[in-house]
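> this one's sequence-less:
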């Protein structure tokens, strides 16, 4: 596992984004790369989770980009108390700390090319949680979730915060698009 | 397809160029090239960076208010395609461009004109005061004396005879 981690790091160093690291007077420009094992992502829905650490990207050898699905471990979740007091929140957070979840990347700091030739990039890495991975041997996490409407994994929460890119349409995450406040 | 303006330098961004940065408050910043993008990341204010249009407009260097700018405003309503309208628009774009650039040049000329007059006046005073750098102080008086010599009338008659 660690070997693979090192390899992916090397790859990402070689094939990093065009935001090269130049040493300006005080700041060093950050190299924005893929979302890989160990990347912490912000959760932008009201499923209960706050922060998720990526443990596997389901697409791409180098890591996930904008619109890809990742498997993550919930590092930080909303307190039971907070969630109960919230207006449109559920009684208990659906997601608890330590849960292994599927999520789709809705905002990535690494730029993504669009069909018209433009590049888009966001301020942070953010995901919307799709489903919880079951630990049981009989029921695979994916199979259970296919019962949701819409075919693909559908979001667990009922609200999505922040801007959401059009790439969701290509990835069939239409519910997220409909819940979004701003479309980019 | 839509041509947009770079947030930093205000130049037009053609399709396939530049990067679009979306902030978490859903504000979109478009940059024409990495130069502008990097300056933005350094948190520079375009109104203080000399080569940007924002600086020039803010400091009165370039023309800001003119009717020709109103032709270029963003319109969110799509126009129904009409061949004649498209043709006329294309011709109009060229003409408006020409007019706008002549007006901008005029504006800059006007701005620089008082300076030109200043330079002219200072040149005159410099000639008066510092002519000694080029000519010796004595020689100048000789030149002026030479100028005062008159031509006598006899000689002129002789010249006429020679010419015939």
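Cool, the structure landed. All values derive from a computational prediction rather than experimental measurement. Residues are numbered from 1 along each chain as shown, chains lettered A, B, ... in the order given.
> residue B:1: what secondary structure?
What DSSP: H, G, I helix; E, B strand; the rest coil gives for residue B:1 is coil.
> got the contact list for it?
Residue B:1 sits next to A:116, B:15 when contact means Cβ atoms under 8 Å, 6 or more residues apart in numbering or on different chains. Backbone N, C-alpha and C define where each C-beta goes, glycine included.
> and it, what pLDDT?
Residue B:1 carries a pLDDT score of 81 in this model.
> equivalent analysis for residue B:127, please.
Taking residue B:127 on its own, its pLDDT is 89.
> for residue B:45, same thing?
The model's pLDDT for residue B:45 equals 95.
> same thing with residue B:149?
So residue B:149 comes in at 69 (pLDDT).
> residue ranges of the strands in chain B, please?
Using DSSP state E, the strands of chain B run over residues B:4-5, B:12-13, B:19-22, B:28-31.
> same check, this time on chain A
A:40-43, A:49-57, A:69-77, A:100-107, A:112-113, A:119-122, A:126-132, A:163-164, A:182-183.
> show me what the last one is packed up against.
Packing contacts for strand A:182-183, counted by 3 or more Cβ pairs under 8 Å, 6 or more residues apart in numbering or on different chains; DSSP states H and E, involve strand A:163-164.
> note down every partner strand of the strand it packs on and its orientation.
Note on strand A:163-164: by DSSP bridges, its sheet partners are strand A:182-183 (parallel).
> what does the partner strand rub up against?
With contact meaning Cβ under 8 Å, 6+ apart, strand A:182-183 is reached by A:162-166, A:177, B:26.
> tell me the buried residues in stretch A:56-68?
A:57, A:62-68 (16 or more other Cβ atoms under 10 Å in any protein chain shown).
> hang on, the earlier thing: filter the contacts of strand A:182-183 to the buried ones?
A:162-165, A:177.
> could you dump those residues to a markdown table with pLDDT?
A markdown table is the format used below for the buried ones among the contacts of strand A:182-183 (pLDDT from 0 to 100):
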| residue | pLDDT |
| --- | --- |
| A:162 | 93 |
| A:163 | 94 |
| A:164 | 94 |
| A:165 | 94 |
| A:177 | 92 |
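> looking at these, which is nearest chain B?
Distance to chain B, by Cβ to the nearest Cβ, is smallest for residue A:163 among the buried ones among the contacts of strand A:182-183, at 4.1 Å.
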